[in-house]
Every structure is written in structure tokens, then in C-alpha cells.
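Engineer: here is a sequence with its predicted model. Questions after.
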Amino acid sequence: MQRDIDIWNAFRSGDKRAFATIYESHFDTLYAYGKRFIADETRVEDAIQDLFINLWRSHANVSPVDNIKFYLFRSLRRDIYRITEKEKVFPKVGLDAFLHEYEHPGEEYSVHDDEKELGQKLAAVLQNLPKRQLEAITLRYYENFSISEIAEIMDVSDKTVRNTLHNSLTLLRKNSRLFYTVFELALAFVWH
Amino acid sequence: MSKNYGDFKAEDFLTDERFRRWVASSGQEEAEFWTDFQAQYPHKSGELRLARAMWASLHEMQDQPEPGLREKVWANVSGAIDEAEPESIAERPARPLYRWWMAAAAILIVGGLTWNFRRTFRDEPVVYREQVSVASVQLKETINATPKEQTIRLSDGSTVQLKPGSKLSYSSFPGNQRVVYLDGEGYFDVAKNPAKPFIVYAGRIVVQVVGTSFRVTSNTGKIKSKVTVMSGKVKVFAAGTVGKGKEPVFLVPNQQVVFDANTSVFAKGLVAQPVQVGGTGEAKEFYFDNTSVKDVLHTIEAAYGVTIRYDNAAFESCKLTAPLGDMPMFRKLDIICQTVGATYEVFGTEIVITGGACDL
């Protein structure tokens, strides 16, 4: 990404406007990513704030980067991991522990031919995925990171990422197909 | 087309730049290309639809920062880095730096404004304590500090069985609505009064009924809230959306809905243990003697008020003898399906039976 390389190099040479651009274009998505790990929004703000303050302080020493978003995601995840490790108090409690109660997922299917409806159903399935699976899915299909970038961000092997994605997609596809099967079945009922 | 779009699966669409521009712009950009695509590859519509739905769900699940937050954090960042760098003041020409500060200040003020604005004119509160504090009538609060369920009788004759540690605030219902506020879990048996709807504010969800019995679970700080219906009809809203055109979720007996505050998504389904509904109130006998599978399923549908779908025409002629007695509904279905070699799955509020050899 040539644009990323140029902006990053400008930032490294001390251009604050480039730094502001980097901040502007990544804050929202970093916030959404951080919220996955920390429920308290002020702590997510703090983590992002510290990330950028430290980034500026080390601007003269950082290495070249060709994908800024990747660099920031990896940094934020490491920072958050460090924070939550330190105080083990409220790390992953929230979601994982609670989802367990609702383990019987997720196949919330009723009959509508509406794409939005399918989206909501998929959301119900996605929500019930283990947290790391959902993270991998989001990084790949929403944030558009490559397999090896995801492996590095999540600190696992490429193979693990590939398998995780494959399993989740199989599940989602199965559910979406059932969605249409039920829908067609319902149509058949209407016809006869 | 340079790429082999005809072979694309959902995951290929999702990582394709043209597709991503299309969905990210809500169909504004690349519209022509994808219209052509759908005309050219109609058999791809399922995969394309899955890709779009997946992108939309993932998008839904992104937590968006409050308006003004980006500016607020930026003000902190730029404040901290300018403070920490006295040497850069000497290094850099004065004008750009001065302008830099101006920009930071302007952002801070504007950010601050939107911040307060949002706080003041926000949607109605979604936390029990706040909801109670802004109520327009005098409320009485009962906190169940005992280790057992506590029954509260309301002035209209309705009762609430409050779980230990749960709180309920209520009034004598002077207005044209019966409004109560719940934190925790309660089983509601509501006296019928169509002229005065009964409304439970339970954190992030709002439950509205006329006369019915249902259970609400909504704990401050917990992400999921749940409403389970035993009798009657119930409407559930996300807090802050009442009367704002957002569709409520309708529930009938044996249905439940789980609301996820992170994603604001309602997941509707069947309760884990459906009970018999309606009729004389007398439990039905489930003794089937040489009855067609179709009739057996129909009896279960009627007794539990559920919908069962199947596509096996043989169920009409295939006969079954089974004393199913008073075992739970899903256990009954297990036995029926095992007998005819079929399987069932629950999709939301429907039960779908597939397969079935029926060579009895």
C-alpha cells in the first residue's frame, strides 16, 4: 500500500499532520477492536490514547511499515493483553463465561426471505462463536487482513488461523443454507 | 472481468476490493458492476447474499465510539506529546506549531460540546438505577434480601415472584400505564387489563403486555437479558426504541428472546422446556396407538403451541405406537424421531424434522 508507506515515512520524519491522519483514519476501527477485549469504554480509550502517545514518542525509531492498520492492531492487542494479564480481574470474564450459559446456540431461524433478516440470524450464530473464532473471522472478512497478518496479530500459527476460519465458515454456511431450506420449505407449504 | 468471479464463494467476495467498496458504501460504489455480475452469474446469488449478510452482521457487531470520542482522545494525545517535547518547539517553525495548537483546542471544544449534548439528549436510560431516578411518579422499591423467592402483590392484583438479590420498583399505577422497573430476575403474573398496559423496564429491554405470565432476567452489568413467556402475548423492545419505529419482538407461550447488549441483537427461540399451553388446562395424554406420525406431530404442535415442519410425505401413512406420557416435549420428539429414523433441529421458534425412513 503506497499510501500507507508514504504517510508512515512522513510520520517517522516527525510530520504531525501525517500522525494526525493516521490517528483519524484508524481510531474508530481500533476502538471497535479494543471493545472486544475490554468492556469498559474508558479503558479502551486509555489504551488507544497510550498507544498513540507512545507511537509519537518513538516516531524516530520505528521501522518502516507497509500496512499501518496491521501495525496498530498488533500493537493494541499486545497492549491490551498486557493490561488484562496484569490485573486478571476483569479480563475475559464477561463474554466467555456468560456465553456458556447460552451454549445451545444460535440457530435462530425463522422464515423470512429478507437479506437483513439473514444478517441478523448470522449475527446470532456469530455471537455464539468462541471469542477467538469471531476475532479471526472479523479480522479476515471485515478488516481484510491476510492470514499471516492475523496469525501475527493473534499470536498463533497460520495453520490455526486457516482452520479456525474454515470451521467458522462451514458453520455459517450450514446455517445460512438451513435458513434458505426452511424458507423454501415454507414456500412449499404455501403452495400446497 | 479480469478475475474469475464466476467461481467466487462467499469468502472470496468478502476479500475482494470491489465487493468491499460496494458493501462499505451501502451499494453506492461499484453498483453497476455488481448488477451486471448478478445478471451474468445468477447461480452465484446465494454465495453473494451470504457474503453480504456476513459483512453486514460483522459490521453490526462493531462497537462504534460515541460521537466526539475520537476528538476527545485526540486532544489528550496531542496535549501529551506537545508537553513532552519542549525541544520540538525550538526545532519547528513557530507558525505550524501555533496552528497545530489551535486545531487541538478547536477539536477539544467541539468534542466537548457534542459530548455534553449526547449525554443530555441521549435516549432514555438503560440502567435500572437511572431509570428509577427519572421516573415521574413516586416509586416503592422492594429488594429481595432473603435467600428465597419473594412474592410481591401489586395494587392491580398482578404478582411478581422476585429472585433473591433482585430489585423491583413500582407505584400504585396512577396513570394510564402500569410501569415497573426490574433489576435481576422476576416471574410476572399480570392481571388482565387491556385499557392499562403493563410495562416492565428491565435495563436494556422493555417488556409490554396486557395480561399474561412471563419471566424476565436482566441484571445490571450483564450483557444478556432474557424474557421467557408462559402464557399470553408479550412485546419486547430494546430500551430507547419504544415508539421510535424499531420493531418489537413478539413472543407467544414457550418462546423466549435473549437480548445481547453488545450487538443489540434479539435472538428469538423456544424455551428449553416447553410447557403445555391453552385448552382446558388439563394435561393431554400422549398415548399414541397406531397413529400416523403426521397426527402425532400435530398433537404435539397443538399441545405445546409450537410449529413443526417436515417434508417427508411418508409421515402421513407411517404409523406409530408410543406411550409418551408426561415426559418433556423435546424428549417426546427424541423418541418419535428415533423411531422413524429422522432427526430434528430447532431453528428459532420452529422445529424442523428431516429424513425418516419409516420402514416400520
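Structural biologist: Here it is on my side, so go on.

Engineer: can you find the helix or strand in chain A with the smallest mean pLDDT?
Structural biologist: Considering only helices and strands, the least confidently modelled element of chain A by mean pLDDT, DSSP states H and E is helix A:93-101, at a mean of 33.

Engineer: mind listing what's buried along the helix or strand hosting B:Ala75?
Structural biologist: Using DSSP states H and E, the element containing B:Ala75 is helix B:69-83. Of the residues in helix B:69-83, B:69-78, B:80-82 count as buried by neighbour count, 16 or more other Cβ atoms under 10 Å in any protein chain shown. Backbone N, C-alpha and C define where each C-beta goes, glycine included.

Engineer: can you name the next helix or strand after the least confident helix or strand of chain A?
Structural biologist: Downstream of helix A:93-101, the first helix or strand assigned by DSSP H and E is helix A:115-127.

Engineer: so how many other residues sit close to B:Arg18?
Structural biologist: Neighbour count for B:Arg18, taken as other Cβ atoms under 10 Å in any protein chain shown: 16.

Engineer: next: B:Phe330.
Structural biologist: 16.

Engineer: gap between it and chain A?
Structural biologist: From B:Phe330 over to chain A the distance is 11 Å, taken as Cβ to the nearest Cβ, to the nearest Å.

Engineer: mean confidence for the helix or strand harbouring that residue?
Structural biologist: Secondary structure assignment for B:Phe330, by DSSP H and E: helix B:329-340. Averaging pLDDT along helix B:329-340 gives 86.

Engineer: that older thread, quick one: is the helix holding B:Ala75 near chain A?
Structural biologist: Yes. Applying Cβ under 8 Å from any Cβ of the partner chain, one finds helix B:69-83 touching chain A at B:69-70, B:72-74, B:76-78, B:80-81.

Engineer: grab the nearest non-local neighbour of B:Ile353.
Structural biologist: Distances taken as Cβ to Cβ, 6 or more residues apart in numbering or on different chains put B:Tyr310 closest to B:Ile353, at 3.9 Å, once the chain neighbours are dropped.

Engineer: re the thing from before, buried ones in the helix holding B:Phe330, by neighbour count?
Structural biologist: Across helix B:329-340, burial judged by 16+ other Cβ under 10 Å covers B:329-330, B:332-333, B:336-337, B:339-340.

Engineer: cool, stretch A:149-160 as well?
Structural biologist: If you call a residue buried by 16+ other Cβ under 10 Å, then stretch A:149-160 has these buried ones: A:149-154, A:160.

Engineer: again with stretch A:13-33
Structural biologist: For stretch A:13-33, the buried set under the neighbour-count rule, 16+ other Cβ under 10 Å, comprises A:16, A:18-23, A:26-27, A:29-33.

Engineer: now for those: which two are most distant?
Structural biologist: For the buried residues of stretch A:13-33, the maximum inter-member distance is 25.3 Å, found between A:Lys16 and A:Ala32 (Cβ to Cβ).

Engineer: so A:Thr160 touches A:Ala151, yeah?
Structural biologist: Yes. Checked against Cβ atoms under 8 Å, the pair A:Thr160 and A:Ala151 is within contact range at 7.1 Å.

Engineer: quick one, strands of the stretch 151-300 of chain B?
Structural biologist: If you assign secondary structure with DSSP state E, counting those that start in this stretch, the strands in the stretch 151-300 of chain B sit at B:159-162, B:167-170, B:178-189, B:198-202, B:205-209, B:213-218, B:224-231, B:234-238, B:249-251, B:255-260, B:265-270, B:287-292.

Engineer: got JSON lines for these, with distance to B:Leu48 too?
Structural biologist: Written out in JSON lines, the entries for the strands of the stretch 151-300 of chain B read as follows (distance: least, Cβ to Cβ, whole Å):
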{"stretch": "strand B:159-162", "distance to B:Leu48": "49"}
{"stretch": "strand B:167-170", "distance to B:Leu48": "49"}
{"stretch": "strand B:178-189", "distance to B:Leu48": "43"}
{"stretch": "strand B:198-202", "distance to B:Leu48": "39"}
{"stretch": "strand B:205-209", "distance to B:Leu48": "34"}
{"stretch": "strand B:213-218", "distance to B:Leu48": "38"}
{"stretch": "strand B:224-231", "distance to B:Leu48": "32"}
{"stretch": "strand B:234-238", "distance to B:Leu48": "30"}
{"stretch": "strand B:249-251", "distance to B:Leu48": "29"}
{"stretch": "strand B:255-260", "distance to B:Leu48": "27"}
{"stretch": "strand B:265-270", "distance to B:Leu48": "23"}
{"stretch": "strand B:287-292", "distance to B:Leu48": "42"}
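
Engineer: out of those strands, which gets nearest to chain A?
Structural biologist: Judged by Cβ to the nearest Cβ, the one of the strands of the stretch 151-300 of chain B that comes nearest to chain A is strand B:265-270, at 4.4 Å.

Engineer: who touches that closest one?
Structural biologist: Under the criterion Cβ atoms under 8 Å, 6 or more residues apart in numbering or on different chains, residues A:106, A:108, A:110, A:120, A:123-124, A:127, B:60, B:236, B:238, B:249, B:251, B:254-260, B:306, B:346, B:348-349, B:351 lie in contact with strand B:265-270.
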